[in-house]
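Chemist: Give me the fold of what follows.
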Amino acid sequence: MQRPISKTRRGGRVPSARPRLAWRLLLLALALAGAASLAPVAPVAAQEPEPPGEGHSPAWARARDGVQVAATAHFDVWAPGDDQALAATAARVAATAEAVLPTVEARLATPLADRVRLVLLPADQAPGPCEPRAATFPTRRRIVVFVGPATLDPKALPAFLAHELGHQLTLDRWGALGNDRRLSEGVATWAAEPYWLAWRGWSSMDQAAADLLAKSAIAPLAEPHEGCLVAAERDVYYSAWSSFVDFLARHYGWDRFGEALSLPPVADDHADYAAAFGRSLEDLTAAWEQELPRPDNAASHAPTRHGAGSPRA
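Modeler: Just a heads-up that it's a prediction; the model follows:
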């Protein structure tokens, strides 16, 4: 192939220097790019600008001043940069999340739509007055775990993570979370049922709900509730709500359940049950109670009445 030519000198032609220079610059750029790809990757600090809407979330949910300490097939784990104990716990939390994920996906018949960030914080940083052990922000694909003895219990950790993933997969399947905690917390607990039952030591959610109602450990489900739930109350209400969600799914199907999540609520913490299921909340809960098994007398004790209400935790 003929070389490019430049101006003639003494009647002859001399090769141009420009193409040679261009090739040298290209080779230099490729060499620099290769060196950069071989350089070690530094920990990624959570100092990026806040995504839209994130400024409305509590500060503890934003993983500020944190570093990514672990990553698995579906999860990125972040912890405060100065907390080595939490960093050491990251692998266990991530492995447990990976272990429970297939069950939650199968129960809700939907795959995880994208990666989820697990944020680990010390248990003493859980906000009051009803300190959560974990909390999910599904629209930002973020789960916060407040690490302490209660959450690291070998039976509790799978139950809590499966419950939180239930919130995320609720959004991934139906594109809505609902404004009624009976449904939102109920379906998340239903998704975690095998791990929840193992943690609580129960034979079934229906039996547990029957026993809880018999000893007045929970109020009737149709009653309006205000305020948040402390941990012991969450454990029993979430279980009863899970049984109620199972009743709705069996009799009306998941499509209508999804409608109940998506329709505008008729009041705060009260879905439009009539529009979604054709019956009022009062009628539905009465029918649910009629289908529950007989209470286990051995499980009953002096009445312990609890209030209700909770964050999405």
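Chemist: Tell me how many other residues surround Ala249.
Modeler: 15 (other Cβ atoms under 10 Å). All C-beta spots, glycine's among them, are computed from the backbone N, C-alpha and C.
Chemist: go on, Ala267?
Modeler: If we define neighbours as other Cβ under 10 Å, then Ala267 has 10 of them.
Chemist: can you check Ala113 too?
Modeler: Ala113: 12 neighbours (other Cβ under 10 Å).
Chemist: Let me know the helix or strand that the closest residue to it other than its chain neighbours is in.
Modeler: Nearest in space to Ala113, with sequence neighbours left out and distances taken as Cβ to Cβ, 6 or more residues apart in numbering, is Asp172 at 4.2 Å. Assigned by DSSP states H and E, Asp172 belongs to helix 156-174.
Chemist: I'd like the average pLDDT over that helix.
Modeler: Per-residue pLDDT over helix 156-174 has a mean of 98.
Chemist: now swap in stretch 136-151 and tell me
Modeler: 97.
Chemist: End to end on it, go ahead and measure it.
Modeler: End-to-end span of stretch 136-151 (Cα to Cα, to the nearest Å): 15 Å.
Chemist: With stretch 78-92 instead?
Modeler: 13 Å.
Chemist: If you count neighbours, what's buried in that stretch?
Modeler: 78-80, 83, 86-87, 89-90 (16 or more other Cβ atoms under 10 Å).
Chemist: can you check stretch 126-141 too?
Modeler: 126, 130-138, 141.
Chemist: could I get the buried residues of stretch 78-92 as TSV with distance to Val104, pLDDT and secondary structure?
Modeler: Converted to TSV, those look like this (distance: Cβ to Cβ, whole Å; pLDDT from 0 to 100; DSSP: H, G, I helix; E, B strand; the rest coil):
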residue	distance to Val104	pLDDT	secondary structure
Trp78	21	96	strand
Ala79	23	95	strand
Pro80	27	93	strand
Asp83	28	87	coil
Leu86	24	91	helix
Ala87	26	89	helix
Thr89	21	95	helix
Ala90	20	96	helix
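Chemist: ok, so of the residues you listed, who is nearest Val266?
Modeler: Trp78 (38.6 Å; Cβ to Cβ).
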